[in-house]
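Asks: Just to be clear, the model below is a prediction. Sequence and coordinates:
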Amino acid sequence: MPVTLEVSNHVAYVTLNRPEAMNSLDPESTADLTEIWTRVRTDPDIRVAVLTGAGEKAFCTGTDMKKAPPPTECMAATYLRDGQPVLPHMKMWKPIIAAINGYAVGGGLEMALACDLRIASSNAKFGLTEVKVASLAGLNGTQALPRAVPQAVAMKMLLTGEMISADEALRYGLVSDVVEPSALADLARTYAEKIASAAPLSVQATKQAAVLGLDMPLEHGILYSHLLWGVLRDTEDRKEGFKAFGERRTPEFRGA
Ligand SMILES: CC(C)(COP(=O)(O)OP(=O)(O)OC[C@H]1O[C@@H](n2cnc3c(N)ncnc32)[C@H](O)[C@@H]1OP(=O)(O)O)[C@@H](O)C(=O)NCCC(=O)NCCSC(=O)/C(=C/c1ccccc1)CC(=O)O
């Protein structure tokens with residue numbers, strides 16, 4: 001399988017599994033990802049996902065440029081029918097963690113930018129190198145990178161196609177943690193299981209408030225987050241969270 005899915009303890013582990021091609025995205029991988037993200041979004045047992053690449057060299061190097069099929073119809077037809085590949089299927093209120101275990105290049109970095117947490121191994125490298133192959137970071141890269149790192153850094157990366165190291169990515173805030181390669185999967189699991197042990201509706205509402213709030217004037221964002229707090233106020237899980245605190249026990253959340 002070009003992409004694998006394993007579910008354990010409410011966590012979906014999604015692994016790009018073509019290490020021989022640096023986990024680049026061929027048409028089969030894109031089709032698998034579409035199905036897998038739909039399952040992650042809709043399966044109530046899944047509370048959080050981890051996206052990573054197989055092997056020690058690459059997270060994902062974007063489009064498989066050797067297998068990209070020549071277009072069979074005009075762009076307008078595919079765009080208006082299907083929209084973009086991959087990223088819309090990652091749009092969900094469940095958090096996604098990118099565990100970046102090597103090169104995150106082109107569409108690979110764009111997928112990482114669509115995730116909520118980004119952690120990396122010390123050998124990771126990050127680049128939007130599309131200008132070098134006469135293309136454009138057309139998934140979200142030209143928009144998301146300048147919002148994720150200082151503008152001067154983003155413009156340098158976008159216009160020169162230069163890559164940055166894991167240490168630079170940490171310094172610029174593109175990732176939150178850098179660890180030795182052997183420690184990355186454990187760190188991803190630790191964060192994922194922490195998120196999965198929290199109340200699912202609370203986690204999803206928090207992501208929604210933070211993500212949508214970024215595009216709102218501050219006052220609207222604050223009002224919107226208060227409404228979301230109100231939506232959560234009457235949930236069974238909030239009653240359980242408060243009760244468990246008083247009884248000094250671990251809460252049992254059901255997502256209700
Ligand atoms: C990442 C590298 C710098 C690593 O170099 P290294 O020397 O360590 O390893 P290689 O020998 O180069 O790679 C090993 C092996 O993997 C194959 N490989 C690696 N990346 C790809 C790839 N993207 N496509 C196909 N094959 C790949 C490589 O050929 C080797 O195979 P072998 O010869 O052993 O059979 C270096 O690999 C590198 O620079 N890779 C390319 C990175 C890149 O340019 N990525 C951008 C691709 S374009 C893109 O992602 C786009 C996304 C998009 C935008 C909008 C809408 C949809 C998608 C743009 C687009 O599609 O137009």
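Replies: Structure's in. What do you need?

Asks: what pLDDT, on average, does the helix or strand harbouring Phe242 get?
Replies: Using DSSP states H and E, Phe242 sits in helix 236-246. Averaging pLDDT along helix 236-246 yields 98.

Asks: Give the buried residues for that helix.
Replies: 237-238, 240-241 (16 or more other Cβ atoms under 10 Å). For the C-beta atoms, the positions are set from N, CA and C on the backbone; glycine is no exception.

Asks: which one of those residues is nearest the ligand?
Replies: Using Cβ to the nearest ligand atom, Asp237 comes nearest to the ligand of the buried residues of helix 236-246, at 38.4 Å.

Asks: Take the helix holding Phe242, keep the C-alpha atoms, and write them as PDB.
Replies: Only the C-alpha atoms of helix 236-246 are listed here, as PDB (Å, rounded to 0.1, in the frame of the first residue of the first chain):
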ATOM      1  CA  GLU A 236     -21.900  15.500  29.200                       C
ATOM      2  CA  ASP A 237     -18.100  15.500  28.900                       C
ATOM      3  CA  ARG A 238     -17.800  19.000  30.600                       C
ATOM      4  CA  LYS A 239     -19.900  17.700  33.500                       C
ATOM      5  CA  GLU A 240     -17.700  14.600  33.600                       C
ATOM      6  CA  GLY A 241     -14.500  16.700  33.500                       C
ATOM      7  CA  PHE A 242     -15.500  18.900  36.400                       C
ATOM      8  CA  LYS A 243     -16.900  15.900  38.400                       C
ATOM      9  CA  ALA A 244     -13.800  13.800  37.900                       C
ATOM     10  CA  PHE A 245     -11.600  16.800  39.000                       C
ATOM     11  CA  GLY A 246     -13.600  17.000  42.300                       C
END
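
Asks: which strands and helices sit next to it?
Replies: helix 200-213 (3 or more Cβ pairs under 8 Å, 6 or more residues apart in numbering; DSSP states H and E).

Asks: Give the buried residues for stretch 180-191.
Replies: Residues of stretch 180-191 classed as buried by neighbour count (16+ other Cβ under 10 Å): 184-185, 187-189, 191.

Asks: Which ones among those residues map onto helices?
Replies: The members of the buried residues of stretch 180-191 that map onto helices under DSSP state H are 184-185, 187-189, 191.

Asks: Other residues contacting the helix holding Phe242?
Replies: Residues outside helix 236-246 that contact it (Cβ atoms under 8 Å, 6 or more residues apart in numbering): 199-202, 232, 250-256.

Asks: I'd like these as a markdown table, with pLDDT appended.
Replies: Shown next, in a markdown table, are the contacts of helix 236-246 (pLDDT from 0 to 100):
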| residue | pLDDT |
| --- | --- |
| Ala199 | 98 |
| Pro200 | 98 |
| Leu201 | 98 |
| Ser202 | 98 |
| Leu232 | 97 |
| Thr250 | 97 |
| Pro251 | 98 |
| Glu252 | 97 |
| Phe253 | 98 |
| Arg254 | 96 |
| Gly255 | 96 |
| Ala256 | 96 |
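
Asks: residue boundaries of the strands in the stretch 101-250 of the chain?
Replies: Remark: strands assigned in the stretch 101-250 of the chain by DSSP state E, counting those that start in this stretch are 103-105, 117-121, 125-127, 164-165, 177-179.

Asks: among these, which is the most enclosed?
Replies: Mean neighbours per residue, mean count of other Cβ atoms under 10 Å, is largest over these for strand 103-105, with a mean of 27.

Asks: Next, see if that one gets close to the ligand.
Replies: Yes: judged by Cβ under 6 Å from any ligand atom, strand 103-105 comes into contact with the ligand at 103, 105.

Asks: Sheet partners, orientation included, of that strand?
Replies: Strand pairing for strand 103-105, determined by DSSP bridges: strand 58-60 (parallel), strand 125-127 (parallel).

Asks: out of those strands, nearest to the ligand?
Replies: Of all these, strand 58-60 sits nearest to the ligand, with 6.5 Å by Cβ to the nearest ligand atom.

Asks: And the next helix or strand after that closest one, what's buried?
Replies: As assigned by DSSP H and E, the chain's next helix or strand after strand 58-60 is helix 75-82. Buried residues in helix 75-82, counted by 16+ other Cβ under 10 Å: none are found.
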